[in-house]
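S.K.: What follows is a protein structure lacking sequence information:
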């Protein structure tokens, strides 16, 4: 069946005259906005086709697309999340009510038990959401739109989510409606400006076709949070752990003999920013 695709304007500024790039996997191609310099996917799947893709049970279980058996990364992800939570705590960004958007199997929500009084999550995959609720004890929702209208949180965290979002400015404004005045938004995404992308070129693992539709760097991610109405963007360190088997697998090496507990911390794979919801937005 032919992929249901569409071409689009820049998701960040709306410009429709991009520069082509060498990064492609037919029928998808990465282009770059001449105005704001955001890299994005065009053509891409239609929104309806992408929604069906995410809700498939195979997305977290190691199909050719989606995540390479997400559960095998549990130890590495938990260590990564604990580091981030400790960093947030040191900056006064924990306590009170937490919402994680894009919860996957719930590892971040589970690690956040000691840092927040109440934890909720949003996850599109019904199977993953059910697992996350059982594991973490958090209240789960199928979408941001399904949140109670008046619900507000002290912190909303979206880790490796924004690169999947078709309308990122509108999405962050919607999240802002659920953050208390003065509360925090924390975003993390693959770093398009990193050493790894330059060194690996078209083999960079974060060119995940078709689900990654925007590619942010130290210029465009702060612009996004500012355009969405957030203030005081602060870059947070984000050291990402990976199973050694996954790293070697990216280079085509056989790794069946390696235990999942062997892991390696890689710097500069992810760009992470925290920003504040201004008190003035409460009106």
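M.R.: Sure, I can see it. For clarity, every value in this text was computed on a predicted model and none was experimentally measured.

S.K.: Now for residue 17: which residues touch it?
M.R.: Residue 17 sits next to residue 34 when contact means Cβ atoms under 8 Å, 6 or more residues apart in numbering. C-beta: built from backbone N, CA, C; applies to glycine.

S.K.: mind pulling up the phi and psi values for it?
M.R.: When read as degrees, to the nearest 10, the backbone of residue 17 gives phi -130, psi 70.

S.K.: The residue nearest to residue 141 when sequence neighbours are not counted pairs with what?
M.R.: Nearest residue to residue 141, sequence neighbours excluded (Cβ to Cβ, 6 or more residues apart in numbering): residue 122, at 5.0 Å. For residue 122, the beta-bridge partners are residue 101, residue 141 (DSSP bridges).

S.K.: Hmm, residue 122 is touching residue 101, no?
M.R.: Yes. Counting by Cβ atoms under 8 Å, residue 122 does reach residue 101; the two are 4.6 Å apart.

S.K.: before we move on, the earlier item: what sits against the residue nearest to residue 141?
M.R.: In this structure, residue 122 makes contact with 99-103, 140-144, 146-147, judged by Cβ under 8 Å, 6+ apart.

S.K.: Emit the PyMOL select command for whichever of these are buried.
M.R.: Here is the PyMOL selection string for the buried members of those, based on 16 or more other Cβ atoms under 10 Å:
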select buried, resi 99+100+101+102+103+140+141+144+147
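
S.K.: What helix or strand is residue 184 located in?
M.R.: According to DSSP states H and E, residue 184 maps onto strand 179-190.

S.K.: In contact with the spatially most central residue of the chain, which residues?
M.R.: For the chain, residue 160 is the residue whose C-alpha lies nearest the centre (Cα atoms, centre = their mean; 1.6 Å). By Cβ under 8 Å, 6+ apart, the residues touching residue 160 are 102, 188-190, 270.

S.K.: just checking, residue 272 touches residue 80?
M.R.: No. Contact between residue 272 and residue 80 fails when scored by Cβ under 8 Å: they sit 10.7 Å apart.

S.K.: angle of the lengthiest helix in the chain against strand 179-190?
M.R.: Assignment by DSSP state H gives helix 74-90 as the longest helix of the chain. Calculated by axes from the mean of the first three to the mean of the last three Cα atoms, to 10 degrees, helix 74-90 forms an angle of 140 degrees with strand 179-190.
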